[in-house]
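[1] here you go, sequence then predicted model.
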Amino acid sequence: MITHLQDTVTLNNGIKMPGFGLGVYKVENGQTVINAVKTAIMHGYRSVDTASFYNNEDGVGQGIREAGIPREEIFLTSKVWNEEQGYESTLKAFDRSLKKIGTDYLDLYLIHWPVKGKYKETWRAMEELYADGKVRAIGVSNFHVHHLQDLMQDSKIKPAIDQVEYHPHLSQPELREFCEKENIQLEAWSPLKRGKLLDEPTLTEIAEKHGKSTAQVILRWDIQNDVITIPKSITDQRIIENADIFDFTLTDDDMEKINSLHINDRAGTNPDSYDL
């Protein structure tokens, strides 16, 4: 379990990734995303997660540059979108992402969704990018256990990360157990269920007990479950507040109460029913 904002988790290839970062899904490109990234970095964040589909990679890159922190101190993630998948098209998509961000490497590159009939060829391209030193780690997003099993049958490299929707209403017990067994790090997108959990009575009660916000309790639950988390925000106060979770600990009773909230309910799309 990480113990401070810049603490890291060691991935299965030995690369160290911050256990807490900033997500920028649906953050408007331009000054909005530039300010969010810059604010986060200036207040201690060292991990930023974007994707070609977000259409804000160039703003993310600008925010990193304006923050004035050396590039090698930032852990930068992007993803290959569904329509870009396939061997040659993934290589081209990766180069486009590098140019937009304004960097010559990524720290982590993910397959955004498991596109049927394409994700194995996409992975082959990503293995090549990794072998060429253009990316420090490769992984997947929105993969169920059966997707991971299928991918790993023919792969040379095991995914370092599976980034999935993960929050108290969707704690993914089967996937979490499988990833622990296979040494694949789980990472949470939409950890706050797009704000839908902020008034959940069990969580608000625990938050009041600790003198914290509901969001902070959820993010602390992620950390204590050894799940990397990347909450999104565009306001300075919320960006700072989200990261202020290292001065308290959820009790075993708190954790059990939060774990019991699992109802297998998604805010996003189930990868098995995604119209790919």
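    Nice, thanks for sending it over.
[2] quick check on S47: phi, psi?
    Taking degrees, to the nearest 10, you get phi -130, psi 130 for the backbone angles of S47.
[3] that one: how many residues sit nearby?
    Applying other CB atoms under 10 Å, we find 25 residues neighbouring S47. For glycine as for every other residue, the C-beta is placed from the backbone atoms N, C-alpha and C.
[4] not counting sequence-adjacent ones, nearest residue to it?
    Leaving aside its chain neighbours, S47 sits nearest to G21 (2.9 Å; criterion: CB to CB, 6 or more residues apart in numbering).
[5] quick check: that neighbour vs T214, distance?
    20 Å (CB to CB, to the nearest Å).
[6] now K92
    Taking CB to CB as the measure, K92 falls 42 Å from T214.
[7] those two - which one has more neighbours?
    For K92 versus T214, neighbours defined as other CB under 10 Å are more numerous around T214 (21 against 13).
[8] and the next element down the chain from the longest helix seen in the chain?
    Looking across the chain with DSSP state H, the single longest helix is helix 87-101. Next in sequence after helix 87-101, counting helices and strands by DSSP states H and E, comes strand 108-111.
[9] and that following strand, how far out from the chain middle?
    10 Å (CA atoms, centre = their mean, to the nearest Å).
[10] for it, the averaged confidence score.
    Strand 108-111 shows an average pLDDT of 98 in the prediction.
[11] before we move on, what about stretch 4-11?
    On average, stretch 4-11 scores 98.
[12] likewise for stretch 268-276?
    For stretch 268-276, the per-residue pLDDT averages 81.
[13] what are the buried residues along it?
    P271 (16 or more other CB atoms under 10 Å).
[14] hang on, the earlier thing: just checking, the residue nearest to S47 touches I228?
    Yes - shown here, G21 and I228 form a contact pair, counting by CB atoms under 8 Å, at 7.3 Å.
[15] quick one, what contacts the nearest residue to Y109 once chain neighbours are set aside?
    Computed as CB to CB, 6+ apart, the closest residue to Y109 that is not its neighbour in sequence is V135, at 4.5 Å. Neighbouring residues of V135 by CB atoms under 8 Å, 6 or more residues apart in numbering: F94, Y105, L106, D107, L108, Y109, M126, L129.
[16] low-confidence ranges in this protein?
    Applying pLDDT under 70 to the chain picks out residues 275-276.
[17] about what we covered before: name the helices or strands packed onto the longest helix of the chain?
    Packing contacts for helix 87-101, counted by 3 or more CB pairs under 8 Å, 6 or more residues apart in numbering; DSSP states H and E, involve helix 57-67, strand 75-80, helix 119-131.
[18] which other residues reach it?
    50, 52, 57-58, 60-61, 64, 76, 78, 80-81, 84, 104-106, 109, 121-122, 124-126, 128-129, 134-135.
[19] which stretches of the chain form strands?
    8-10, 16-18, 22-23, 47-49, 75-80, 108-111, 138-141, 161-165, 185-189, 228-229 (DSSP state E).
[20] redo those as a markdown table? Include distance to E205.
    Output for the strands of the chain, formatted as a markdown table (distance: least, CB to CB, whole Å):
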| stretch | distance to E205 |
| --- | --- |
| strand 8-10 | 30 |
| strand 16-18 | 30 |
| strand 22-23 | 27 |
| strand 47-49 | 30 |
| strand 75-80 | 34 |
| strand 108-111 | 35 |
| strand 138-141 | 32 |
| strand 161-165 | 24 |
| strand 185-189 | 22 |
| strand 228-229 | 21 |
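[21] are any of the contacts of helix 87-101 buried, and which?
    Of these, these count as buried by 16+ other CB under 10 Å: 50, 52, 57-58, 60-61, 64, 76, 78, 80-81, 84, 105-106, 109, 121-122, 125-126, 128-129, 134-135.
[22] which residues touch the residue of the chain positioned farthest from its centre?
    In terms of distance from the mean C-alpha position of the chain, K209 ranks first, at 28.5 Å (CA atoms, centre = their mean). Contact analysis of K209 by CB under 8 Å, 6+ apart lists D254.
[23] try it again at 7 Å.
    By CB atoms under 7 Å, 6 or more residues apart in numbering, no residues touch K209.
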